[in-house]
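K.L.:
sequence and predicted model, in that order:
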Amino acid sequence: MLALLVNKRSYRDPLWLATGLLFGGTTAYFLLWFNAFTMHDYYLLTTLVLPLFVWLSFLRVYRNSLAALKWPAYLIGGALVLNAAYYNAGVQYYRYHEYPKDFTWQEDAATLENYLREIGVPRTAKVVSIPDPSPNISLYLANNPGWTDALAGEIDGLDFYLDRGASYLIMLDTTALSRPNLEKYIKEKVGEHGVIQIFTIGRPGSDDE
């Protein structure tokens, strides 16, 4: 970017506009998704459009000057690739060996799907899985369709979900017991997997399970 600024006359106005828009959009995207990059580093692929665009523009403007610097350019490029590989190795090690668990139920949830099938909860059964602020982490691990706290804030009443076919409540830890309106929807405890408890649910006063 600095090299292009120094040689601004060789860089046409439409390209400056495109570069500015890309820079602004990439910066906004990076800031909005920053907290997700540690476990979802592939989201960074979107941001690579900007450096690629700037690099190609740099080569276009300085192509004549760089013709005599072929080998230094290869060396710099190789060093950047090695640095990226080293950095990625560090990220992967941190992810799988040192990254703290976000939720106390993660270890038990890793084997939740097999347990659900063992106690007779079918793959197609719709479940309410709480407390889970993510859109689908526990649902993915259970391999069942359903709902988490992500869109509702904090699920308390279950009428909305019962209307849409929910038949089980997966209580990921005991903090969900503090929700005042939840207990009246619980019919029967059908399983316990570590800290995770599974219940059938129904409308208050109903004998259906």
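P.N.:
Structure received.

K.L.:
so Asp108: helix, strand or coil?
P.N.:
Classification of Asp108 using DSSP: H, G, I helix; E, B strand; the rest coil returns helix.

K.L.:
that one touches Ile198, doesn't it?
P.N.:
No - counting by CB atoms under 8 Å, Asp108 does not reach Ile198; the two are 11.5 Å apart. The way it works is simple: take the backbone N, C-alpha and C, and place the C-beta from them, glycine included.

K.L.:
which one of the two has more residues nearby?
P.N.:
Ile198 (22 against 18; other CB atoms under 10 Å).

K.L.:
could you break this protein into its assigned domains?
P.N.:
Domain assignment of the chain by automatic domain parsing yields the ranges 2-98, 106-201.

K.L.:
now this structure, which segments are flagged as low pLDDT?
P.N.:
Scanning the chain for pLDDT under 70 picks out 1-14, 16, 38-39, 58-69, 73, 95-105, 206-209.

K.L.:
what about 80?
P.N.:
Across the chain, the ranges flagged by pLDDT under 80 are 1-19, 35-41, 54-74, 76-77, 91-107, 151-154, 156, 205-209.

K.L.:
run through the helices of it in chain order.
P.N.:
Along the chain, the stretches classed as helices by DSSP state H are 2-6, 13-32, 49-61, 63-66, 70-93, 106-109, 112-118, 137-142, 159-163.

K.L.:
output the contacting helices and strands for the second one.
P.N.:
Contacts of helix 13-32 with other secondary structure elements, assessed using 3 or more CB pairs under 8 Å, 6 or more residues apart in numbering; DSSP states H and E, are made with helix 49-61.

K.L.:
quick one: buried residues of the lengthiest strand in the chain?
P.N.:
For the chain, the strand with the greatest residue count under DSSP state E is strand 186-193. Buried residues in strand 186-193, counted by 16 or more other CB atoms under 10 Å: Ile186, Lys187, Val190, Gly191, His193.

K.L.:
need the contact partners of that strand.
P.N.:
Strand 186-193 is contacted by residues 108, 111-112, 115-116, 119-121, 168-169, 197-202, 208-209 when judged by CB atoms under 8 Å, 6 or more residues apart in numbering.

K.L.:
that older thread, same list, the helices of the chain, but as a markdown table with distance to Arg179 please.
P.N.:
Output for the helices of the chain, formatted as a markdown table (distance: least, CB to CB, whole Å):
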| stretch | distance to Arg179 |
| --- | --- |
| helix 2-6 | 55 |
| helix 13-32 | 30 |
| helix 49-61 | 44 |
| helix 63-66 | 64 |
| helix 70-93 | 37 |
| helix 106-109 | 20 |
| helix 112-118 | 21 |
| helix 137-142 | 16 |
| helix 159-163 | 14 |
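
K.L.:
alright, I will stop here.
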